[in-house]
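Chemist: Quick one, structure for this:
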Amino acid sequence: MAAVRSATEHADRGSFWESMDRARALALLQDRVGQVTTYLESCRAAFALVHRVMFPLNAQPVGLPALMERFRDGHAIYSFVRQHLMCGANVALSFVRVRYPNVDMGLVGTLPETPSGHTDMESHYAACKGASKKIVRQIIEQSERDRLSREQQGPST
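Modeler: Take a look at the predicted model:
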């Protein structure tokens, strides 16, 4: 960087390119800028992918600054995760209700009281993992069928 500084300080002493140090410094600077540009584009593409996966129905922000602004707000990410947890619970409980229409959903949504005040959910999560995968697969398949149907119908007017 000293060579670049020197080049600007002594610009009136002749052609910039007459000094090999100056030319080398400029070439190095151009190379570094090119690398930064490539890196920033890689970051933009990664943020865009994450945004598209996390918010598939939302409009995609244009450019790296807009994407970074979306991810800068921790509360928005927390709200997104909470919204998806609610959505997952709603889907799972809807599947339960389809099988057992008379089930008391208030009772299902309440953990039993235990002497410790804590219910260990790990064994329950493990027991439900297979059914969870099946539910998700069915939702994805149905979403894909719905998308293809909309595409075949064309744009709505």
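Chemist: so where does the spatially most central residue of the chain fall, helix or strand?
Modeler: Compute the mean C-alpha point of the chain, and by CA atoms, centre = their mean the closest residue is residue 50, 2.6 Å away. For residue 50, the element it lies in under DSSP states H and E is helix 20-54.
Chemist: Let's see the helix or strand that that helix is followed by as CSV, backbone CA atoms only.
Modeler: Following helix 20-54 in sequence order, the next helix or strand is helix 64-72 (DSSP H and E). Only the C-alpha atoms of helix 64-72 are listed here, as CSV (Å, rounded to 0.1, in the frame of the first residue of the first chain):
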residue,chain,number,x,y,z
LEU,A,64,-26.2,-8.2,-1.0
PRO,A,65,-27.0,-5.2,1.1
ALA,A,66,-30.8,-6.0,1.0
LEU,A,67,-30.1,-9.7,1.9
MET,A,68,-27.8,-8.7,4.7
GLU,A,69,-30.5,-6.3,6.1
ARG,A,70,-33.0,-9.2,6.2
PHE,A,71,-30.6,-11.4,8.2
ARG,A,72,-29.3,-8.6,10.4
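Chemist: Check what contacts helix 64-72 and list those residues.
Modeler: If you take CB atoms under 8 Å, 6 or more residues apart in numbering as the criterion, helix 64-72 is touched by 40, 43, 44, 47, 48, 50, 51, 61, 76, 77. (Glycine included, C-beta is placed from N, CA and C.)
Chemist: Give me the spatial nearest neighbour of the second one, chain neighbours excluded.
Modeler: When you say that, I think you mean residue 43. Nearest residue to residue 43, sequence neighbours excluded (CB to CB, 6 or more residues apart in numbering): residue 64, at 6.3 Å.
Chemist: swap in the first one?
Modeler: Across the structure, with CB to CB, 6+ apart as the measure, the residue nearest residue 40 apart from its sequence neighbours is residue 64 (6.1 Å).
Chemist: how near is that neighbour to residue 53?
Modeler: 17 Å (CB to CB, to the nearest Å).
Chemist: remind me which residues of the chain are low pLDDT?
Modeler: 1-17, 156-157 (pLDDT under 70).
Chemist: any idea how the protein splits into domains?
Modeler: 1-72, 74-110, 123-157 (automatic domain parsing).
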